[in-house]
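Enquirer: missing the sequence, but the structure's below:
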């Protein structure tokens, strides 16, 4: 008799061996994919964007993965709210553009109109017993973290309390809420989303694959060289709040709390920023007074990554569109007072991580091709893939947790 | 244990609530889709084309949906016949073009040759016991209705008797058999076919979505305004056979009879036809002597729609290519004596419904995107969606009827 | 209860009637397709290429079908070896180009490096207990047959002993190991691979579909004309080793031996080669001293076909990419001493079979379209399709053999 989906997934998870890459089914099986959407993408906090993207009442942007689309909007009260982009009439998408500004959220199909808070305010020719109050847009949880907008599609999201407390001074130091979005690029990758996330999580491939990155970041060196450089760098900056280390990632997170991670790593030689030749590319962020020759790694929740140089910040997120395709969204943020063309040039700002992500796109595509072979088998991980190993451990546990109960009960 | 397909469909149908749009599975599930092909597209009469498209012996066109292709051809006896476009040898398509003219139907692969009546007349080097007489093309039922060619792929199609009798004078009035095809356009829509049909069946969306249409058709107004205008229009034309009303659509059809519907609706202001500014765009149809400022809605079978202005007629049909894509075919017909470039201009003739269908294509695509969300749930229908509601009721019943037995028994 | 895949396939096979084309499921069903990959493509010897493609140490080319990719490479010892193109670390493809030259096989992702014999020679920062010796590339069986390189992905391939002995003098006669690859073309066909193979196996379609071929090859004539011409041709050349006939194809192969077939057929009129007007297009092959106005058909294993004119040889192979798409790879070989532009012109050399394969691509696509119809049913085969019938008989048997045990056990 055929296994149920959850039994199949449990079997796959228990067949998985510590210290090895995932089995083929995790990268190809549609039931595994649906389990991931339910147990990971719909349960956790995801980075949607930054407050600078919606400064005025009515400004909105959409945030999309798999079959889902969320509207993130500035309300008349000045709050940031999030609603599902699904009309309560016959289901049409309401906002068709990736961003814009609207007085109300009016469905383009039959003109059902919702206010910016998501309440249904107009629906023509409805039966007498139709209750507008019960037909508002489905609400999505939203939280601001130092100007970063996070959404969670679950009704019972993990707590952000620990993270918020621990990261407060980091948000302030880099002026996270007074940054602005300078550029955004989306990279469509024909591979399972985990191959893209795993690629981001380890620097074992940096030396052979990313010469541009390897000329700037010590992280591309061997573990021994990197650890020594990092220890020296930390010691030289002891007491400096930029150099705290927070290791609450994946299964190191407290029960019920969303995970996070922060540390600061040295750049190579005289590099001051992540750029051609390590040169500065924008004014200093937040309250920083000088360059220290380092870059911070920040992770908020399991799927949102930030890299903070002294003069700009990047966000990295990986969103699946289907079992065999994902999008890597990269955004570049600078001090909100910086003027484009004067204080910074887009091509200089984006060069390093555009060239690196282009290369990764090729790497990841060819990883998927090999993983698709009947002759692929999980391989032993190196010592430079320990963070990825932590992710895999957490991922396998998350996949077999009891499934979420959705806002909207769907027929199976 | 997994449900059988038919049990799954029955459960979905019984979960469906009157007055609400369909559940998500009806727009996404492949088993539902196959049920629809079997119980709807293969059981009912479908509009294939018009006699003016095949005036001479050997003229043919093909009619296609899902995996099926039908050859509709003028035989030496002057009849219109229809055959499956599948060679009885190894299955090749026989007619590769959408239309043409042939002396015989010869398979391009191994040259098996069928006459226009579908009988196998030549097959080289076959074993001695091979019976040509048993290897004719599979026959498809075909009926002419006032020059309109309908096909049914079932061996036991619904009766057209009631429809034929009731619509006789309408066919004559508009000279349906003496029209000619002036233009044809196909719109490929990345959405389930029902979203396209439902869109055509209601004018709740006309005011917000179709300003061009709304400037010509009273139907785009509120039900109250429209009903008053329609009653006045009918009363002013009492006794005129153009103004009969036939409501045998969907479950209002008699047992065993194919459904149909006919009524005439007023245009706005001084509009005479469906065109820019409501101006006339072609000579009057059939035996008409004057413009009356109205347009007739005609439905023949559940899936073929006609809109008849005094000077031209449009046909609308929606054919699935897969569960998530359909084709909307629109044809424009004029009086057969009209001369293109002289009596009518194609761009003027097609303007209104080309612009309207282009807009619908966008609407329908975005409806599918929203319906695909886990947060979509069936929504309450408005008072202006009652005809669509009739379709949905009929559709749900049709879907759970016992499945058709095909001409050719296929392995499951 | 749903049938298991193997029970379903057994049922389909037993429903199949001798003398008729295959049922629809064989051309559409994904489970049948996976059965074919396991029981046919992964069990038998497949033509990968020719020694002339990799003359020097480190020269390689890749050979791909379905999800698999094989590296065929010249080792330092001068041998030809084959390895799976799947890194043992995290599965990346190693060779990304179709051909090239490398000192070692280094994975572009994390730089794990294998020597040309497939042994892992370098992997940075691995745990202490990691055994390089156990992490070489998965080996693929490879055999040379007169310069032709065959691979088999099974660990227990059929024997080539009988074939090797019987074909020895043919390989020598045509100088098979001293040919060189002159041109390669790949034709992507949107159809199941069997429709392409069946098309190649019968000349019932040659007369109606391939006028260029039919002007050169007697084979396009009726069986009677062809048999007479062939007998006369053989008799006139009695004792000439080019004219032996070997019929060990499909189920005529000895138990445990890979099948093969060889015979020589007459060309038409004064044609000397397969070209425009039958004119010669290259220097004579191997030890041949003169043109005899014939062409040899050679089959090695069930899926690799060769056509040998006196002055050039073609190879034909059909490789599936998925259930509904395949690639037809055609290669043209000439005497290794022939100089392009001087002794032969590529356009003249490739003309006949390029135009013929282009035509077949259209034929096969339209065959699939018809086979997809619910109204397709297996049709009676002609007397000119007896070789295809042999293939079908063998294919149906092969499909229900016990499934292969793979090198790498995959989770199901």
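Expert: Structure's in. What do you need? From a predicted model like this one, the values you see are computed outputs, not experimental measurements.
Enquirer: so residue A:327 makes contact with residue A:188?
Expert: Yes. With contacts counted by C-beta atoms under 8 Å, residue A:327 reaches residue A:188, the gap being 5.7 Å. In short, each C-beta sits where N, CA and C put it, glycine included.
Enquirer: Any part of stretch A:68-78 near chain B?
Expert: Yes. Stretch A:68-78 reaches chain B (C-beta under 8 Å from any C-beta of the partner chain) through A:68, A:69.
Enquirer: any residues touching that stretch, and which ones?
Expert: A:48-49, A:54-64, A:80-86, A:93-95, A:102, A:105, A:116-117, A:137, A:140, A:142, A:149, A:151, A:153, B:369-370, B:373-375 (C-beta atoms under 8 Å, 6 or more residues apart in numbering or on different chains).
Enquirer: which of the residues you listed are buried?
Expert: A:48-49, A:54, A:57-64, A:80-86, A:93-95, A:102, A:105, A:116-117, A:137, A:140, A:142, A:149, A:151, A:153, B:369-370, B:373-375 (16 or more other C-beta atoms under 10 Å in any protein chain shown).
Enquirer: Show me those that map onto helices.
Expert: In this view, the buried ones among the contacts of stretch A:68-78 that belong to helices under DSSP state H are B:369, B:370.
Enquirer: Neighbours of residue A:341, how many?
Expert: 7 (other C-beta atoms under 10 Å in any protein chain shown).
Enquirer: ok, back up a step: if you count surrounding residues, which of residue A:327 and residue A:188 has more?
Expert: Between residue A:327 and residue A:188, residue A:327 has the larger neighbour count (other C-beta under 10 Å), namely 17 against 10.
Enquirer: List the beta-bridge partners for that one.
Expert: residue A:188, residue A:319 (DSSP bridges).
Enquirer: For chain B, see how far away it is.
Expert: 16 Å (C-beta to the nearest C-beta, to the nearest Å).
Enquirer: wait, what's in contact with that residue?
Expert: A:65, A:186, A:187, A:188, A:189, A:318, A:319, A:320, A:321.
Enquirer: May I have the secondary structure class of the residue lying farthest from the centre of chain A?
Expert: Distance from the C-alpha centroid of chain A peaks at residue A:128, with 44.6 Å (C-alpha atoms, centre = their mean). At residue A:128 the chain is in coil, as set by DSSP: H, G, I helix; E, B strand; the rest coil.
Enquirer: separation between it and chain C?
Expert: From residue A:128 over to chain C (counting by C-beta to the nearest C-beta), the distance is 47 Å.
Enquirer: just to revisit the earlier point, what's the overlap in contacts for residue A:327 and residue A:188?
Expert: By the contact definition C-beta under 8 Å, 6+ apart, residue A:327 and residue A:188 are jointly contacted by residue A:321.
Enquirer: what about stretch A:7-19 and chain C, touching?
Expert: Yes. For stretch A:7-19 and chain C, the contact criterion (C-beta under 8 Å from any C-beta) is met by A:11, A:12, A:15, A:19.
Enquirer: quick one on the thing from earlier: want to throw the contacts of residue A:327 into TSV with pLDDT?
Expert: TSV is the format used below for the contacts of residue A:327 (pLDDT from 0 to 100):
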residue	pLDDT
A:65	98
A:186	98
A:187	98
A:188	98
A:189	98
A:318	97
A:319	98
A:320	98
A:321	98
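Enquirer: what's the most distant pair in those residues?
Expert: A:65 and A:187 (14.5 Å; C-beta to C-beta).
Enquirer: Compare these two and say which is more crowded by neighbours.
Expert: Per other C-beta under 10 Å, whichever of residue A:65 and residue A:187 has more neighbours is residue A:65, with 22 against 17.
Enquirer: Buried residues of stretch A:359-378, list them for me.
Expert: Within stretch A:359-378, the residues that count as buried by 16+ other C-beta under 10 Å are A:359-361, A:363-378.
Enquirer: got the residues of the stretch 301-412 of chain A near chain C?
Expert: A:363, A:366-367, A:369-377, A:379-384.
Enquirer: From the contact counts, what lies against the one helix or strand residue A:348 maps to?
Expert: Secondary structure from DSSP states H and E places residue A:348 in helix A:346-371. On a contact count with 3 or more C-beta pairs under 8 Å, 6 or more residues apart in numbering or on different chains; DSSP states H and E, helix A:346-371 meets helix A:25-28, strand A:179-189, helix A:193-201, helix A:206-209, helix A:211-214, strand A:325-335.
Enquirer: and chain A, which residues reach chain B?
Expert: Neighbours of chain B within chain A, by C-beta under 8 Å from any C-beta: A:1-2, A:42, A:67-69, A:84-94, A:96, A:108-111, A:123-127, A:130, A:135, A:138, A:406-408, A:410-411.
Enquirer: Select only the buried ones of the residues you listed in PyMOL?
Expert: To isolate the buried members of the residues of chain A next to chain B in PyMOL, using 16+ other C-beta under 10 Å:
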select buried, chain A and resi 42+67+68+69+84+85+86+87+88+89+90+91+92+93+94+96+108+109+110+111+123+124+126+130+135+138+407
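Enquirer: for chain A, which spans come out with low pLDDT?
Expert: By pLDDT under 70, the weakly predicted segments of chain A are A:1-2, A:404-412.
Enquirer: now with 80?
Expert: A:1-3, A:403-412 (pLDDT under 80).
Enquirer: okay, now the domains of it?
Expert: Domain assignment for chain A, taken from automatic domain parsing, gives A:46-143, A:159-398.
Enquirer: How about the residues of the stretch 1-150 of chain A by chain C?
Expert: The stretch 1-150 of chain A has residues A:1, A:2, A:11, A:12, A:15, A:19, A:21, A:23, A:24, A:25 near chain C, with proximity defined as C-beta under 8 Å from any C-beta.
Enquirer: what are the ranges of the strands in the stretch 251-400 of chain A?
Expert: Ranges of strands within the stretch 251-400 of chain A are A:260-266, A:294-300, A:304-308, A:313-322, A:325-335, based on DSSP state E, counting those that start in this stretch.
Enquirer: would CSV of those with distance to residue A:342 be doable?
Expert: Converted to CSV, the strands of the stretch 251-400 of chain A look like this (distance: least, C-beta to C-beta, whole Å):
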stretch, distance to residue A:342
strand A:260-266, 29
strand A:294-300, 24
strand A:304-308, 23
strand A:313-322, 20
strand A:325-335, 12
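Enquirer: Among those strands, which comes closest to residue B:294?
Expert: Short answer: strand A:313-322, nearest of those by C-beta to C-beta, at 48.1 Å.
Enquirer: other SSEs contacting the closest one?
Expert: Counting contacts by 3+ C-beta pairs under 8 Å, 6+ apart, strand A:313-322 packs against helix A:30-36, strand A:46-50, strand A:59-65, helix A:193-201, strand A:304-308, strand A:325-335.
Enquirer: now the angle from the longest one to helix A:193-201?
Expert: When you say that, I think you mean strand A:325-335. Calculated by axes from the mean of the first three to the mean of the last three C-alpha atoms, to 10 degrees, strand A:325-335 forms an angle of 40 degrees with helix A:193-201.
Enquirer: buried residues in strand A:325-335?
Expert: A:326, A:327, A:328, A:329, A:330, A:331, A:332, A:333, A:334, A:335.
Enquirer: do the same with stretch A:28-41
Expert: A:28, A:29, A:31, A:32, A:33, A:35, A:36, A:37, A:38, A:39, A:40, A:41.
Enquirer: Likewise for stretch A:233-245?
Expert: Judged by neighbour count (16+ other C-beta under 10 Å), stretch A:233-245 contains these buried residues: A:233, A:234, A:237, A:242, A:243, A:244.
Enquirer: Please determine how far residue A:281 is located from residue A:180.
Expert: 15 Å (C-beta to C-beta, to the nearest Å).
Enquirer: who's more crowded, these two?
Expert: residue A:281 (25 against 17).
Enquirer: what's near enough to touch the residue of the stretch 151-300 of chain A found nearest chain C?
Expert: The stretch 151-300 of chain A approaches chain C most closely through residue A:208 (3.8 Å), counting by C-beta to the nearest C-beta. Residues counted as contacts of residue A:208 (C-beta under 8 Å, 6+ apart) are C:108, C:109, C:110, C:111.
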